[in-house]
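A.B. asks: Provided below for reference: sequence and predicted model.
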Amino acid sequence: MTKRTLLSENDRSLFRQAVADAKPLPHDGKVLRKKVAPPPYPVQSHLDEQEALRESLAADWTAEDWLDTGDEPNFLRPGISRQVLRKLRSGAWVIQNELDLHGLDRHQARDALGDFLASCVKRGVRCVRVIHGKGLGSKNREPVLKTKVKHWLTQREEVLAYCQARPVDGGSGALVVLLKG
């Protein structure tokens, strides 16, 4: 229930006298639009990733690093600490984007990977997952893209490191890639 205020005739008269000299504002044809806020930026995630990279670049080799080579595919650009690869394997980096190459032939996959990496670097994305599949649908059930993707990634300057994804992130059917910032 809304409460209405009843004005006396005297109040109405006083109001009309008060606004008698008022003039409408000139219309200049401009329409004011509300500005759209930019998308939120994950400041803390960015700071955490910078700290993880700083720590891994400053760390010395340990005996555990020497033993932690495994059979899974990995790559580390020369001059980058093994700690970077170790943290990438452990899931310390947040996967910010992914590319699924299922169903593409080698030419389409190469082009898609190049476009994807360029887009990620342009947007400041640091850690991505590239899903190449296990090759179970390929001729002779041999993985074609798996070996090609590893080769293509090592040729790209923006790739600092990559390793096989953790089982929860795709296992042997995917790679986790760390890009330059």
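C.D. replies: Good, I have the coordinates.

A.B. asks: so how far is Arg106 from Glu9?
C.D. replies: To Arg106, Glu9 is 88 Å away according to C-beta to C-beta, to the nearest Å. Every C-beta, even on glycine, is put in place using the N, C-alpha and C of the backbone.

A.B. asks: higher neighbour count, those two?
C.D. replies: Arg106 (13 against 7; other C-beta atoms under 10 Å).

A.B. asks: element containing the spatially closest residue to that one that is not a sequence neighbour?
C.D. replies: Excluding the flanking residues, the one nearest Arg106 by C-beta to C-beta, 6 or more residues apart in numbering is Lys148, at 5.6 Å. Here Lys148, judged by DSSP states H and E, is contained in helix 145-155.

A.B. asks: May I have the strands that pair with whichever helix or strand comes after that helix, each with its orientation?
C.D. replies: Sequence order places strand 159-164 as the next helix or strand after helix 145-155, per DSSP H and E. If you go by DSSP bridges, strand 159-164 pairs up with strand 74-76 (antiparallel), strand 174-179 (antiparallel).

A.B. asks: Export only the CA atoms of strand 159-164, formatted as CSV.
C.D. replies: In CSV, the C-alpha atoms belonging to strand 159-164 read as follows (Å, rounded to 0.1, in the frame of the first residue of the first chain):
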residue,chain,number,x,y,z
VAL,A,159,56.4,-21.5,-26.0
LEU,A,160,58.6,-21.7,-22.8
ALA,A,161,57.7,-25.2,-21.8
TYR,A,162,55.2,-28.0,-22.2
CYS,A,163,54.5,-31.3,-20.6
GLN,A,164,51.9,-34.1,-20.7
